[in-house]
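Novice: no sequence on this one, just coordinates:
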């Protein structure tokens, strides 16, 4: 089967991650070109290392390139939607990092363009490809624990991000919890209909000026009647705490964190085990590879993308409802935002 | 040191549990008399077995008995407050099963009587004496995980109770979650100031007629700034799921369930472990003994009771706020109920 | 049903343990008398506390007491066999702490006396009553892991005993490993036919003068073809390490230690869990109760004792073979000792 | 830094594994040529896929190739030593799969050639690069658990190999336990001085004709005074059981298996977890990469190989001693074989 030739847009941390995976770990993929608006020598060197000869500043070069069948959009969030639209016009399939946009109207325009062009779109909710969370999903879907009653998600970053990052992040719900909102939909197999959010600042008081919080709990109601809850922290300190649990009419499935190793050291002072893997690069390394592979396979086999535009849209709706709930100090129904 | 002679009021399931512990497992305690309003031969036989010769129908016989220094109130909930008042007048120390009452005005009257009489009162929040939850409390109090940020409590009964029980239980928050509300205060070392409750019926549709729910999630705000969340189910199926977790500014402590045994059976089909202990009799067996011992010790040493009247009152306030939140579909501040 | 009235011989550490259990935790048992050769006020006070009025120096008083139906032999090891014979002559059932004797000829005389008198004899291999090891046994017996291939036992004391204790202990194999030899027979459901022992002194060099070791590994062959291995240490430091594992033709069962609690504390420094329970009093507390209950029940129901004289004898044979193997630096067949 | 150009000798299962890793996952390595004595189209196609243009039948083509700086010897065991000697003569560094040979005289000749030529040699004891076993090693070496007393290794293959494989495997000790013998030396930081082996046939009776066993236990004495034990099975059924444990003067470190995922499914029937990863390809995938990286790095930095010729030789000595012990039914000192 022919290789899928890919144009990578954005060569920052997440762009490099995808580029490396596509070059080395995803059979069937070929990185044909890289575009980076802030292009410098370091980017050029990296591109060479992964065997890419076409290196551009302007993503339009990728859009015009007839050799390129698909694009990975890894640029800054506010550019995602416009790039999707351009790729759609150019007839190229799109992998887009999350979120598509923070404005649902603009997301819908992008999704309309995708539909019109008949291209495939995958949104980067990478946790769906994690062996643990996927096991929860598959077990729920199999009926083994019955009808879902309660979905619980613990999601804590290892350490507080630089204040500059937080300032432009779009807020905890849009930046961080959005992954958990997608998990909630994924694990429950149902849409969120209402959320109630509590948030507070416990870690870095400077974020108050950005009208943001660093510690939060969000309750959810799902269309299928189940309840859900997410707890978030910007600084767990002991690693990336990523646990999910679904309790259903027949029992419960829960997944613990992946640990650095399985050691147990027992002395007179106590028993010491290893911490969870540090952050997303360590924890979701294999999931990023599986995600890119799924994208490439869906193109080669002309099948549905496993995480589509609607998934990108719905998670943003939940995040917006959570923001509104926190601000207005009341439960917010998603229907009221639509 | 002299034994504490105790009058036991109520010889149902929980009364017998305390009676057996006081008779066999609590050095320094002596069950002097038993009173049971529905007294029958089975009660008489049990009393004989634990070496009690004074068996009454009327609790007043216990109140009048000069040999008796303390009472265990294990009768039905609506009688608790009146019996506390009578015991206080009789100058007897009181151990009272939870809740004291569902009406805070009546609780306050009972607490006033206790204060006036100068007797000691302990309320039966037995989980505070569980080795696991106590470890969480002590670790938080030690500062080892820093200032508390998030308190999480999972509390699921193993199987749905008879509908008759649910009908008169006072509702899930007053009957079941009240233990978790006490845990929340105990673990956080702070008062709950606001709650938001979600509840639904997933297990037994008949409870709708009692205006109750069987599946619930409650978010809390604490005075010290921390957030909390409880998830409840009336039917876990796999045993009594009783986990607590506190995340703080330096890290996290969590406790898992006690299991029936530590076995791990590995075959081609998978790895099988044992379930959590079945219900409160199994899980909190040692905690019930420690609780009674603490009561007896506080009397003998003339020290403070570890769980006092205020604890009994505050947990009821939280339960009432949760009920109101569920009914009115909005966050409820405790201050508005006081 | 009538209570079994018991005479307790020996009121040292293990005698008190059994006395307390029989008095408080074993329905159907009554401690009628206590005999202690080194009788002092402390013994008398303890006997009073558990409600025993008959307190003797001479065990013969117990043998002569017509009210007494059964004896618990908890005196020093060298007196066990003679006391069994006397109890048998007196027609009293016997619970005897391990080992019966270190000389198999003398054990056999005791067992002959038991047989002749038709009394019941239980030997104190308490680990058979532990919830974890019993689960291993039951799982193997059920066939769930198939035919046993490998039996593994880890057995490490928490800390080195006083040198005086070691001096008179009879050596590590007869004092400590004998429990593991019984476990090996119990878990495999088969007799040991040959052992190869390695031993060394790593902990306390003074024990060299007693021709003993403090660190040992013993391999075994079983009649049913399976292999076994035990590793022992006199000083684990982190608690009482008591793990068993059986691997069979269909899979494996292993049991971990019981821990002090289920806590997991995660900080930037690592993850800290609790240690195993400290020593046999903590770990096998419930097993001691179950053991005594089984003894009492077998008398009341006139059924077989769960751990009989043959078990007492065979474990001593294995210990003798291990000693010989270590001394002669070669594998030793049990048949050669019989 | 310049890439290390490697000639791969042998393109069977293990050769392909190394070839794929060197091509995709080991920065600094380049597979320059592949030689396979049984060369077919499938080999050619695979070589093309990993970007190798030089494909030979005769390993001599690799020896003669001036572009090649190092070789990976992944051919059948009996060819290893001769190929090492040829590579040494050609001045090429060598990575050699275990064992170097089953005849120590021939191993010594190969090591002499290595020494004479001044090339570097690494032997393929891949488990030293596993995150779990390495953690045990590092913890022991750090002194955190004190001086080693007992080393325990559980090593069970998931399922019985084809009888043809077993027939030519060289026997369980040389084929399978040799990895554990290397682990024993690695973890203890000491040489094995004596072994006692028990073995039996529990799984496949046909192996009797090859004078082999499928279930074994081996005790070891180490130069530093510690004791060790290995238990082996050719068919665990529940996955690749690879656990190590060292108990020392201050405590113990043990590592459990890596599991397929961290899920725990709790229902009324019990609690179900995932199995260990299936076999060496899954369990030691990252270790194979780290091993090859270490080889390449040692060449580029001109440093010592982490696993050298002496390691290859000593593990074979222990295997030979174990075979002799099993055959002669007695402990065997390694000194007697040297």
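Specialist: Okay, I see it. As the structure is a prediction and not an experimental result, all values here were calculated from the model.
Novice: quick one: whichever strand or helix holds residue A:327 near chain B?
Specialist: Using DSSP states H and E, residue A:327 falls within helix A:309-328. No: remark: helix A:309-328 sits outside contact range of chain B, by C-beta under 8 Å from any C-beta of the partner chain, the gap being at least 9.4 Å. Every C-beta, even on glycine, is put in place using the N, C-alpha and C of the backbone.
Novice: So which bits of chain A are right by chain D?
Specialist: Residues of chain A lying near chain D (C-beta under 8 Å from any C-beta): A:24-25, A:131-132, A:135-136, A:139, A:144-145, A:250-258, A:260-268, A:274.
Novice: Under the pLDDT cut-off, which ranges of chain A? List them.
Specialist: Residue ranges of chain A with pLDDT under 70: A:1.
Novice: For it, what lies in contact range of chain C?
Specialist: Going by C-beta under 8 Å from any C-beta, the residues of chain A near chain C are A:236-239, A:241, A:259, A:264, A:266-268, A:270-276.
Novice: Could you write me a ChimeraX select line covering just the buried ones among those?
Specialist: Buried members of those, defined by 16 or more other C-beta atoms under 10 Å in any protein chain shown, are picked up in ChimeraX with:
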select /A:236,237,238,239,241,259,264,266,267,270,271,272,273,274,275,276
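Novice: Quick one: residues in contact with whichever helix or strand comes after the helix holding residue A:327.
Specialist: Sequence-wise, the next helix or strand downstream of helix A:309-328 (DSSP H and E) is strand A:332-333. Around strand A:332-333, the neighbours that count as contacts under C-beta atoms under 8 Å, 6 or more residues apart in numbering or on different chains are A:193-196, A:321-322, A:324-325.
Novice: and if we set it to 7 Å?
Specialist: Strand A:332-333 has contacts (C-beta atoms under 7 Å, 6 or more residues apart in numbering or on different chains) with A:193-195, A:321, A:324-325.
Novice: Farthest pair within the residues you listed?
Specialist: The distance between the two most remote of the contacts of strand A:332-333 (C-beta to C-beta) is 14.2 Å, for A:193 and A:324.
Novice: can you pull the contacts of residue A:115?
Specialist: By C-beta under 7 Å, 6+ apart, the contact set of residue A:115 is empty.
Novice: so where does it fall, helix or strand?
Specialist: Here residue A:115 is assigned to helix A:104-117, by DSSP H and E.
Novice: Could you give the separation between the terminal residues of stretch A:245-256?
Specialist: 9 Å (C-alpha to C-alpha, to the nearest Å).
Novice: again with stretch A:75-86
Specialist: By C-alpha to C-alpha, one end of stretch A:75-86 lies 14 Å from the other end.
Novice: go on, stretch A:269-277?
Specialist: 24 Å.
Novice: Is any residue of that stretch near chain B?
Specialist: No: using C-beta under 7 Å from any C-beta of the partner chain, we find that stretch A:269-277 stays clear of chain B, coming within 9.8 Å at best.
Novice: Other residues contacting that stretch?
Specialist: A:238-241, A:257-261, A:263-265, A:283, C:238, C:266, C:270-275.
Novice: Which residues are in contact with residue A:126?
Specialist: A:284, A:287-288, A:291.
Novice: Ignore what I typed, I meant residue A:32.
Specialist: A:5-7, A:54, A:65, A:67-68.
Novice: sorry, back to before: out of the contacts of stretch A:269-277, which sit inside strands?
Specialist: The members of the contacts of stretch A:269-277 that map onto strands under DSSP state E are A:241, A:263-265, C:266, C:270-273.
Novice: how about the residues of the stretch 151-300 of chain A near chain B?
Specialist: A:152, A:196, A:198, A:200, A:202, A:215, A:217, A:219, A:221, A:225, A:227, A:229, A:231, A:233, A:236-238, A:247, A:249-252.
Novice: Whichever of those residues end up buried, select them in ChimeraX.
Specialist: To isolate the buried ones among these in ChimeraX, judged by 16+ other C-beta under 10 Å, type:
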select /A:152,196,198,200,202,215,217,219,221,225,227,229,231,233,236,237,238,247,250,251,252
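Novice: circling back to that earlier point, what are the buried residues along the helix holding residue A:327?
Specialist: Quick answer for helix A:309-328 (16+ other C-beta under 10 Å): A:309, A:311-326.
Novice: That helix: how far from the chain's middle?
Specialist: Offset of helix A:309-328 from its chain centre (C-alpha atoms, centre = their mean, to the nearest Å): 14 Å.
Novice: Taking the stretch 1-150 of chain A, what residue is nearest to chain C?
Specialist: At 17.3 Å from chain C, residue A:132 is the closest residue in the stretch 1-150 of chain A, using C-beta to the nearest C-beta.
Novice: What strand or helix carries that residue?
Specialist: Here residue A:132 is assigned to helix A:131-142, by DSSP H and E.
Novice: any idea whether residue A:218 is helix, strand or coil?
Specialist: For residue A:218, the assignment made with DSSP: H, G, I helix; E, B strand; the rest coil gives strand.
Novice: show me the contacts for the residue of the stretch 51-200 of chain A found nearest chain B.
Specialist: Closest contact between the stretch 51-200 of chain A and chain B, by C-beta to the nearest C-beta, is at residue A:149 (4.6 Å). Neighbour list for residue A:149: A:226, A:247-249, B:202, B:215, B:233 [criterion: C-beta under 7 Å, 6+ apart].
Novice: Am I right that it sits in a helix?
Specialist: No: counting by three-state DSSP, residue A:149 is not part of a helix but strand.
Novice: That one: what's its closest spatial neighbour, skipping adjacent residues?
Specialist: The spatial neighbour of residue A:149 that comes closest, neighbours along the chain excluded (C-beta to C-beta, 6 or more residues apart in numbering or on different chains), is residue B:202 at 4.6 Å.
Novice: so that neighbour touches residue A:227, yeah?
Specialist: No: if you go by C-beta atoms under 7 Å, residue B:202 and residue A:227 don't touch, sitting 8.6 Å apart.
Novice: Common neighbours of the two, please.
Specialist: residue B:215.
Novice: number of nearby residues for residue A:106?
Specialist: 17 (other C-beta atoms under 10 Å in any protein chain shown).
Novice: ah, wrong one, I meant residue A:208
Specialist: By other C-beta under 10 Å, neighbour count at residue A:208 equals 11.
Novice: Please enumerate the helices of chain A.
Specialist: A:13-24, A:41-49, A:59-64, A:80-89, A:104-117, A:131-142, A:163-167, A:172, A:178-188, A:280-283, A:285-300, A:309-328 (DSSP state H).
Novice: How about the third one, which residues are buried there?
Specialist: Taking 16+ other C-beta under 10 Å as the neighbour-count basis, helix A:59-64 is seen to contain the buried residues A:59, A:61-63.
Novice: packing partners for that helix?
Specialist: For helix A:59-64, the elements it packs on are strand A:4-9, strand A:29-35, helix A:80-89, judged by 3 or more C-beta pairs under 7 Å, 6 or more residues apart in numbering or on different chains; DSSP states H and E.
Novice: Return the most buried member of these.
Specialist: For the helices and strands packed on helix A:59-64, the largest average neighbour count (mean count of other C-beta atoms under 10 Å in any protein chain shown) is found in strand A:4-9, namely a mean of 26.
Novice: Which strands or helices does that one pack on?
Specialist: helix A:13-24, strand A:29-35, helix A:59-64, strand A:70-73, helix A:285-300.
Novice: quick one: residue A:93 from residue A:117, how far?
Specialist: With distances taken as C-beta to C-beta, to the nearest Å, residue A:93 is found 10 Å from residue A:117.
Novice: who has more neighbours, those two?
Specialist: More crowded of residue A:93 and residue A:117, by other C-beta under 10 Å: residue A:93, with 24 against 19.
Novice: Okay, and the beta partners of the more buried one?
Specialist: residue A:70 (DSSP bridges).
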